[in-house]
Each structure stands twice: as C-alpha cells, then as structure tokens.
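Enquirer: My questions concern the predicted model and sequence given below.
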Amino acid sequence: MRRTVGRIVLGLSACGYPLTQLAVRRCGARGAAVAEAVCAGLAIRDASMMAAGVPGRLRAVPAALLHLELAAGIVASLAGLRPLLGTPPAASASPPRTDAADVVRRAAVATLFAVHTLRFGIYLRPGQGRRAATVSEDSRAAPGRARGPR
C-alpha cells in the first residue's frame, strides 16, 4: 500500500466513529444499515485473520489488539442490529433519548474504530507489527515485501 493511501485510510479510520454517528443521525435506518455493514465487515475481516493464524505471526501487542478489535466488532455488530430491527421512533419535536442499548452500541463502535486505527497505524510502520523471526523469514522469501508501505 502506498504511504499516501495508507495515511488517507488511517485518517478515515480515525474518523470512523463520528462518521457512523453522522450517518445514523442524518439518514436514519439507511445510515444505521451502512454503519452496521462497516462494523460487520471489520468483524468478518478480523475473524478471517484469526482463522488464518495471523495472531501467531504478530508481536504481543498487535495480536492482543486484533483480539480486542474482533470482540469490539462483534459487540458493535450485534448492538447495531437493534436500530435496524426495531420500530422507528415516532416523529416528535424532541430528540430521541439515548438508552442503555444505544450507549453500548456507541461504546462498541468507538472502541472498534479506535483499536482499528491503532492496529492500522502499526501496520503502516516497518515490520507491520510482525515478530522479528516472521519479518526476517518474509524478507528472505520475498525481498522488499517486509519493509512495509512505500
């Protein structure tokens, strides 16, 4: 991944929580569906990384962050189903109240994007958070690939 593209993706990841909140607030059920799709997509990607054995190739902190991101993604996806499956609130002059389920959803989405941003920042660095043995093995197998983004 090119360095400029990586930085743009990193910035979008850092803005992920406010963007999901904006989508839900402005677009209602459609915005909630978009936010749900993003959270579920991140959780599915993390689960596939876990199934492929990626945590075993990472250093301790990036591996722990991957586990945490998967957990936050699952909670965010499950909590995000409620606005999609529930009945729409009645139109009123007062803004809708924030209940406990919405607080859980917001906390999970915020955690998901915070951890994803941290992990992606680590990925953009040389070594990409991999263990030293994995980095040296990768550099022997494919020269130039272990250096990280350009």
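Expert: Perfect, I can see it now. Residues are numbered from 1 along each chain as shown.

Enquirer: Quick check: the gap between the closest residue to Tyr123 other than its chain neighbours and Ala71.
Expert: Take Tyr123 and drop its neighbours on the chain: the residue closest to it by Cβ to Cβ, 6 or more residues apart in numbering is Gly129, 6.2 Å away. C-betas here are computed from N, CA, C, even on glycine. Using Cβ to Cβ, to the nearest Å, one gets 18 Å for the distance from Gly129 to Ala71.

Enquirer: correct me, but Ala33 touches Ala40?
Expert: No: using Cβ atoms under 8 Å, Ala33 is not in contact with Ala40; the gap is 10.3 Å.

Enquirer: pretty sure the residue nearest to Tyr123 is touching Ile122, no?
Expert: Yes: Gly129 is within contact range of Ile122, at 4.2 Å (criterion: Cβ under 8 Å).

Enquirer: anything in contact with each of these two?
Expert: 61-62 (Cβ atoms under 8 Å, 6 or more residues apart in numbering).

Enquirer: Low-confidence ranges, this structure, go.
Expert: When residues are selected by pLDDT under 70, those of the chain lie in 1, 87-97, 133-150.

Enquirer: now do 90
Expert: Low-confidence regions of the chain, defined by pLDDT under 90, span residues 1-4, 6, 28-29, 82-102, 124-150.

Enquirer: Let me see the ranges of the helices in it.
Expert: 3-14, 16-27, 29-51, 54-57, 60-85, 100-123, 132-141 (DSSP state H).

Enquirer: ok, the nearest residue to Gly16 once chain neighbours are set aside - how many residues close by?
Expert: Excluding its sequence neighbours, the residue lying closest to Gly16 (Cβ to Cβ, 6+ apart) is Phe113, at 3.5 Å. Using other Cβ atoms under 10 Å, Phe113 has 26 neighbouring residues.

Enquirer: right, and Phe113 touches Leu10 too?
Expert: No: using Cβ under 8 Å as the test, Phe113 is too far from Leu10 to be in contact (11.3 Å).

Enquirer: burial of the residue nearest to Tyr123, as a residue count?
Expert: 23.

Enquirer: how close does it sit to Arg57?
Expert: Per Cβ to Cβ, Gly129 is found 9 Å from Arg57.

Enquirer: and if you look at Phe120?
Expert: Distance from Phe120 to Arg57, by Cβ to Cβ: 17 Å.

Enquirer: Also Leu68?
Expert: 17 Å.
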